[in-house]
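In: when you get a sec, could you give me coordinates for this:
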Amino acid sequence: MHLIFNVQVIGLVNDTNNTIYQTLNEEGITSFALLKSYEELNDILSKLKDTYSNDVEYINVYQTGSVFYVEYTKRQQESIKEDDYRNIYATKDGLIAYFDVDSGLIEVDINDYVSKGDLLVSNEIISTSNETKIIPVKGHVYAYTYNDYEASINNSNQDNADAFYELLLLIRSKIPANAIIDKENVLQMNKTSSTITLKMHYTLLEDIGTKET
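Out: Below is the predicted model:
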């Protein structure tokens, strides 16, 4: 029987650390609990991503020996002034899903395919007197994005199912914490004498907007 002897949260925000410890405790992840399977680690990672999507940029869970680790990096909070006139542009290619825009002129439509750098929300409007006015821009633009990820581990002759779940956990840890998985498909799994590699394709729902002058 293999047990967890210690639980460690690796991060720089004490309040977040404490709440993660509390969440883990509620999930039964404490000292002297059983070590988790790869399927259970995947479930725990998904729950943590959902719970802390507004607080962390990256989060992962893993076990080394008898220690259970959660590692994360803090999300950089966007500093938005009360009147922010910068346009919103696309950070990556995607299919527009919906808008959450309080102010600004939306330049694209739902189901439009946009490319990285395209203007999404503008600070310019035409008044009824045919004059161009500059207005504040505030909001978010969400799109479906299409992403391929891969991960590799050493081939230690482990069971194929165990290897798959270990690789899947590594790949899912690379997905942005605030992205929602819409579709998840296996592209390829290769095994050589030294490594095992898994390639996955994801359709993600994420905020693709960024503020630029």
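In: grab the nearest non-local neighbour of the residue minimising distance to the centre of the chain.
Out: In the chain, the residue lying closest to the centroid (C-alpha atoms, centre = their mean) is Pro176, at 2.0 Å. Sequence neighbours aside, Glu206 is the residue nearest to Pro176 in space, at 6.3 Å (criterion: C-beta to C-beta, 6 or more residues apart in numbering). (Each C-beta comes from the backbone N, C-alpha and C, glycine too.)
In: in contact with the one you found, which residues?
Out: Applying C-beta atoms under 8 Å, 6 or more residues apart in numbering to Glu206 gives the contacts Gly94, Tyr142, Ala143, Thr145, Pro176, Asn178, Ala179, Ile180.
In: which of these fall within helices?
Out: Assigned to helices by DSSP state H, none of those qualify.
In: can I get these in a markdown table including pLDDT?
Out: What follows is these, written out as a markdown table (pLDDT from 0 to 100):
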| residue | pLDDT |
| --- | --- |
| Gly94 | 97 |
| Tyr142 | 96 |
| Ala143 | 97 |
| Thr145 | 97 |
| Pro176 | 87 |
| Asn178 | 84 |
| Ala179 | 90 |
| Ile180 | 90 |
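In: could you dump the residues you listed to TSV with distance to Val121?
Out: TSV is the format used below for these (distance: C-beta to C-beta, whole Å):
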residue	distance to Val121
Gly94	15
Tyr142	12
Ala143	13
Thr145	18
Pro176	21
Asn178	19
Ala179	20
Ile180	21
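In: His201: which of the residues you listed is nearest?
Out: Thr145 (11.3 Å; C-beta to C-beta).
In: not counting its neighbours along the chain, what's nearest that closest one?
Out: Closest to Thr145 by C-beta to C-beta, 6+ apart is Gly94, at 4.3 Å.
In: can you check which strand is longest in this structure?
Out: The strand that spans the most residues within the chain, counting by DSSP state E, is strand 138-154.
In: show me what the next helix or strand after it is packed against.
Out: Using DSSP states H and E, the next helix or strand after strand 138-154 towards the C-terminus is helix 160-172. Helix 160-172 sits against helix 38-51, strand 138-154, strand 180-191, strand 195-207, with contacts defined as 3 or more C-beta pairs under 8 Å, 6 or more residues apart in numbering; DSSP states H and E.
In: the residue of the chain most remote from its centre: what secondary structure?
Out: Within the chain, the residue lying farthest from the chain centre (C-alpha atoms, centre = their mean) is Ser129, at 44.6 Å. Recorded secondary structure, Ser129: coil (DSSP: H, G, I helix; E, B strand; the rest coil).
In: how about low-confidence regions in the chain?
Out: Counting by pLDDT under 70, the ranges of the chain that qualify are 1, 77-81, 213.
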